[in-house]
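**Q** quick check, what structure comes out for this input:
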Amino acid sequence: MSGGVAAVTRLSSLAPLLAVLALGCAERPPAERYSTSLQSLNDSGVKGKATATLAGRHLTLDIRATGMEPNRTHDQDLQGFPRRPREAACPTDDQDRDRSGLLEAGEEESRSGRRILALEPYPTVESDGRLDYRLTFTVDPDAVEPMDSRVLVLRGMSTESGGSATADYAPSVPVACGAFTPVVG
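**A** A predicted model of the protein is given here:
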C-alpha cells in the first residue's frame, strides 16, 4: 500500500505545476491571420499582397509589392480608427481636398484613419522596384485589434514640383493601400 501512497503523493505535488502549465496554454490565443491585396493610389502603378499574423503580443507582417520607386526608402503604416464600428477603408481620389491631383499625406485619414503602427525600420526598395518585407513587432493587441478594420498604406513617390521637369521624392505620399480581411482555415 505504501507504493500507492507514494505515487499519489508525487502526483498531488505535481498538481500545482500541471495547473500552471494548463493555464498558460489556455491563455494563449491561437494566431490570427489576415490578408490584403494592395491597390495603387496616385496612379503609382504599385500593387501587391500582404499578410498579417497576430499571435498574442506579436504581429508579423509580410508585404510583397511591385512598381515601387527604386532605390528609395518607403514609409509603411498600419492605419485605422480607435474603435468599431468605424472601419478603415482605402482612400479614393475624392479625398484630394486641395484638388492638387495628388492624394497627399493626411488627406487619406478621413477614410483610412490615423497611423496605429509605423512599420519601422522602413525598407529601401531595390533597383527592380520590388518590395519584399517581413518583420515582427511586439504590440499591444488592444491597439491593433480588430485587424479586420485596419488598412495597410505604402508610401513614397517622386512628384513634380512647381510645374518643373525635376521631380522631388515625397516619402509620405500614399502609393498603395489594402484593407485586411481574416484568412479562414
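
**Q** go through the lengthiest strand in the chain and flag the buried ones.
**A** Secondary structure of the chain per DSSP state E: the longest strand is strand 167-179. By neighbour count with 16 or more other C-beta atoms under 10 Å, strand 167-179 contains the buried residues 170, 173-179. The C-beta positions use only the backbone N, C-alpha and C, and glycine is treated the same way.

**Q** pLDDT below threshold where in the chain?
**A** Along the chain, segments meeting pLDDT under 70 span 1-29, 83-85, 161-166.

**Q** in which helix or strand does the residue nearest to the spatial centre of it reside?
**A** Residue closest to the mean C-alpha point of the chain, counted by C-alpha atoms, centre = their mean, is residue 78 at 4.5 Å. Here residue 78 sits within strand 76-80, counting by DSSP states H and E.

**Q** go on, residue 111?
**A** In the assignment (DSSP H and E), residue 111 maps to helix 109-112.

**Q** quick one: contacts of that helix?
**A** Contacts with helix 109-112, where a contact means C-beta atoms under 8 Å, 6 or more residues apart in numbering, come from 79-80, 88-92, 95, 151, 153, 177.

**Q** select only the buried ones of those in PyMOL?
**A** In PyMOL, this line selects whichever of the contacts of helix 109-112 come out buried by 16+ other C-beta under 10 Å:
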select buried, resi 79+80+88+89+90+91+95+151+153+177
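
**Q** so which of the contacts of helix 109-112 belong to strands?
**A** 79-80, 151, 153, 177.

**Q** burial count for residue 149?
**A** 18 (other C-beta atoms under 10 Å).

**Q** number of residues surrounding the nearest residue to it once chain neighbours are set aside?
**A** Nearest non-adjacent residue to residue 149, counting by C-beta to C-beta, 6 or more residues apart in numbering: residue 87, 3.9 Å away. Residues contacting residue 87 under the criterion other C-beta under 10 Å number 15.

**Q** where do the helices sit along the protein?
**A** Taking DSSP state H as the test, the helices found in the chain are 2-27, 109-112, 141-144.

**Q** quick one, domains of the chain?
**A** 1-29, 31-182 (automatic domain parsing).

**Q** ok, and the closest non-adjacent residue to the residue nearest to the centre of the chain?
**A** Residue 78's closest residue in space is residue 117 (C-beta to C-beta, 6+ apart), at 4.2 Å.

**Q** wait, the one you found touches residue 140, no?
**A** No - in this structure, residue 117 is not within contact of residue 140 by C-beta atoms under 8 Å, at 9.8 Å.

**Q** when those two are compared, which one has more neighbours?
**A** Shown here are residue 117 and residue 140; by other C-beta under 10 Å, residue 117 has more neighbours (19 against 9).

**Q** residue contacts, the more buried one?
**A** Applying C-beta under 8 Å, 6+ apart, the residues contacting residue 117 are 59, 77-78, 137, 139, 143-144.
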